[in-house]
Every structure is written in structure tokens, then in C-alpha cells.
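*Asks:* I'll drop the sequence and a predicted model, then ask my questions.
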Amino acid sequence: MIRVFPGIQGLIFDCDGTLADTMPAHMRTWEETLKNHGVDCPVAFLESLRGMPAEEIVTLLNEKCHLNLDAREVAREKNRRVFEELRHVKAIEPVAAIARDYNGKLPMAVASGGTRVNVMRTLKAIGLNDLFRAVITADDHLRPKPHPDMFFESARIMGIKPERRQVFEDGDLGLEAARRAGMKPMDVRPYL
């Protein structure tokens, strides 16, 4: 069972793959988008970048595969495609239950590498859109995970010291960002 550690005063949740079962939709739309640009989808590579904004992913894909894709345009296309699918996603119950259980008890935030419109659509689809004091996304122009900037910003908004925050994540980059922020990371993957 996923638990909240003793002494924690605030919770931060990743969105995609942590609160909501969006990863199949993201992988499907990555595959469609890259195919549209004549590129076979490198699934394992994309999996390793969970939590990173789409534009950053395309930039790294260009470097890894010696491509010359327009990172901004490909990211916009991918995000438009996934937006349509996000209204049908379901909550990941072991994690969503924690957010519901701690609503009104501890301040909570979302820190996601997704765009604000996609994150908000996802939170609405799973019925959690009104639970969070802060929603930090790629649109806030902070350095992406594994940098701790998104987590520091959520702690600042909530007025809670980083070491009193617990972060729920499903990706290695997000877990690393939580550690770098001095927060307590919780890898949710074993519970899903």
C-alpha cells in the first residue's frame, strides 16, 4: 500500500502515469506524430524520458537519432493529438485515493512535464482538478525533471520546506528531481 511518511506537511504528485493512466495515450500519440514525420517511434527511449516536456524529448531524439525535426512543431503536434484522448483517461486509483484522502488535510500540488491545458484536462477527466493548491507544468518555463525546479516552485507556493514534502512519481527523472530537491520520493510503480 502506498503511504504518506510521518511528518510530511505537503504532497506533490506527478500527473501522467502517476495520478492518471495516460501513458498509453501518450505513447500512441508519440507513435502517430513521429510516423507523420517519417520516424519510427523509439518506445524504450521515450519511456526513459517520462516526465520531460515534449519539446525537450524531441530535442533529445534529434541528438540520439541524428534527426533534424523541428522540436517546437513536433511537440505541438504531439500535444494536440494527445489532448483529444485525455478526456477518456482513468485515475490510477492507489495514487488518486491518496489525493482524495488528504484533500483538506495537507496542501497538495501537481508538478508535471505536460502542458497546462493537457494536465488540467487530465485532472478534470479523473475528477481531481479542484484538489491542488498549485499545478506546475511545462508552461511555467522551469527547468524540466530531473532538475528540482518544479518541485521547489510548488513548495514555494505552498509555503512548506522541501524536506517536509513527499513526491509521488512514476519516472526515474521525477524521482531524481525529488531527491535533488531534498524531498521524500515515493516510486509508485511497484503499487500499480
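*Replies:* Yep, it's here. Residues are numbered from 1 along each chain as shown.
*Asks:* any idea which helix or strand of this protein has the worst average confidence?
*Replies:* Least confident helix or strand, the chain: helix 43-47 with a mean of 88, by mean pLDDT, DSSP states H and E.
*Asks:* So for that one, what gets flagged as buried?
*Replies:* Under the neighbour-count criterion of 16 or more other C-beta atoms under 10 Å, helix 43-47 has Leu46 buried. (Glycine included, C-beta is placed from N, CA and C.)
*Asks:* try stretch 58-67
*Replies:* Val58, Thr59, Leu60, Leu61, Asn62.
*Asks:* can you check stretch 171-185 too?
*Replies:* In stretch 171-185, counting by 16+ other C-beta under 10 Å, buried: 171-178, 180-181, 183-185.
*Asks:* Out of the residues you listed, which sit inside helices?
*Replies:* Asp172, Leu173, Gly174, Leu175, Glu176, Ala177, Ala178, Arg180 (DSSP state H).
*Asks:* count of residues packed around the closest residue to Leu60 other than its chain neighbours?
*Replies:* In this structure, Leu60 finds its nearest non-sequential neighbour in Leu49, 6.7 Å apart by C-beta to C-beta, 6 or more residues apart in numbering. As a burial measure, Leu49 scores 19 neighbours (other C-beta atoms under 10 Å).
*Asks:* from here on, count from 429
*Replies:* Renumbered: residue one is now 429, and that last one reads Leu477.
*Asks:* mind listing what Leu477 touches?
*Replies:* With contacts defined as C-beta atoms under 8 Å, 6 or more residues apart in numbering, the neighbours of Leu477 are Glu484, Ile485, Leu488, Gly599, Leu601.
*Asks:* Right, I'll leave it there.
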